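[1] Sequence below, structure please.
(one chain, ligands or ions: 1)
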Amino acid sequence: MITKFVTAGVLCLGAALSGCSTAEYAGSHDASYGMVTSQAKPMSMSDFDLLKKSVLFSDDDVRYLRMSRSVLEPNVDELLDVWYGFVGANPHLVHYFSDRTTGEPNGDYLAAVRVRFGQWVLDTADARFDQAWLNRQLEFGLRHHRLKKNTTDGVDAVEHIHFRHLVALHYPVTTTMKPFLARGNHSEQDVQGMYEAWRKAVLMTTILWSQPYMAPEDF
Ligand code: HEM
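    Take a look at the predicted model:
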């Protein structure tokens, strides 16, 4: 267990889901102390406004994400079956849900994360992209990174998800949504609008989750 505290700034373990406003991360942490030190804060609203411009994310996208909520909600389980089927069919991905000693997939861990994944779908569709949401994105990035992976579920799985796969999953996660978005009684134009909004939202998500993977001055 890495125990060194590097810089000022504190991230409340577990509290960031409700928006730990001082969230920062660093190169090391010790969960037993219930805090993580860090060099970077969650993105500010002003920087996020610029990021939205960079990905051409507009008020129309907010409207389309919210439109998608009622279409997706009854289908979340099936959508998760598709995503989990994809991960399960790829040993190099299921690896990250596996016990670091035995190499066996941890079914309880998979199931616990699946519940949070379902909630993430609905939260993203809600499109309340405020500071609390930005704080949560840093937390979710940390949970993919060795800084906080495994701590939420208290598991001894593989300690870190490699950055390349975090970015790569943008494609399968979004492309597999399209048939689900077509399940509502919306026009083809609206289905396309929802799809584009989701592609941008997941892209912004993966950008925000990338933060723990790089030097603060590079992010
Ligand atoms: C577009 C890319 C990705 C998205 C949208 C995504 C989504 C999520 C969500 C919503 C959670 C739950 C966060 C929480 O509430 O705690 C999560 C956790 C997790 N994801 Fe991802 N994920 C992505 C990439 C990946 C990749 C490439 C892997 C590798 C197989 C992966 C494996 C995991 C694992 C193991 C957890 C649990 C982490 C922990 O210990 O807390 N994810 N992911």
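
[2] Name the SS class of the residue positioned nearest the centre of the chain, please.
    With distances taken as C-alpha atoms, centre = their mean, the residue of the chain nearest its centroid is F140 (4.8 Å). When classified by DSSP: H, G, I helix; E, B strand; the rest coil, F140 comes out as helix.

[3] Please name the nearest non-neighbouring residue to it.
    Of all residues not flanking F140 in the chain, W209 sits nearest, at 5.6 Å (C-beta to C-beta, 6 or more residues apart in numbering). The way it works is simple: take the backbone N, C-alpha and C, and place the C-beta from them, glycine included.

[4] What's the separation between the one you found and L169?
    For W209, the distance to L169 equals 10 Å [C-beta to C-beta, to the nearest Å].

[5] Neighbour count: those two, which is higher?
    The neighbour count for W209 versus L169, taken as other C-beta atoms under 10 Å, is higher for W209 (22 against 17).

[6] Surely that one touches L134?
    No: judged on C-beta atoms under 8 Å, W209 makes no contact with L134 at a distance of 11.5 Å.

[7] what touches both of those two?
    Common contact partners of W209 and L134 (C-beta atoms under 8 Å, 6 or more residues apart in numbering): none.

[8] Which secondary structure elements does whatever helix or strand V173 lives in sit against?
    Using DSSP states H and E, V173 sits in helix 170-175. Other helices and strands packing on helix 170-175, by 3 or more C-beta pairs under 8 Å, 6 or more residues apart in numbering; DSSP states H and E, are helix 76-88, helix 188-209.

[9] centre of the chain versus that helix, how much separation?
    Distance of helix 170-175 from the chain centroid (C-alpha atoms, centre = their mean, to the nearest Å) equals 13 Å.

[10] Repeat that for stretch 43-51.
    Counting by C-alpha atoms, centre = their mean, stretch 43-51 comes out at 17 Å from the chain centroid.
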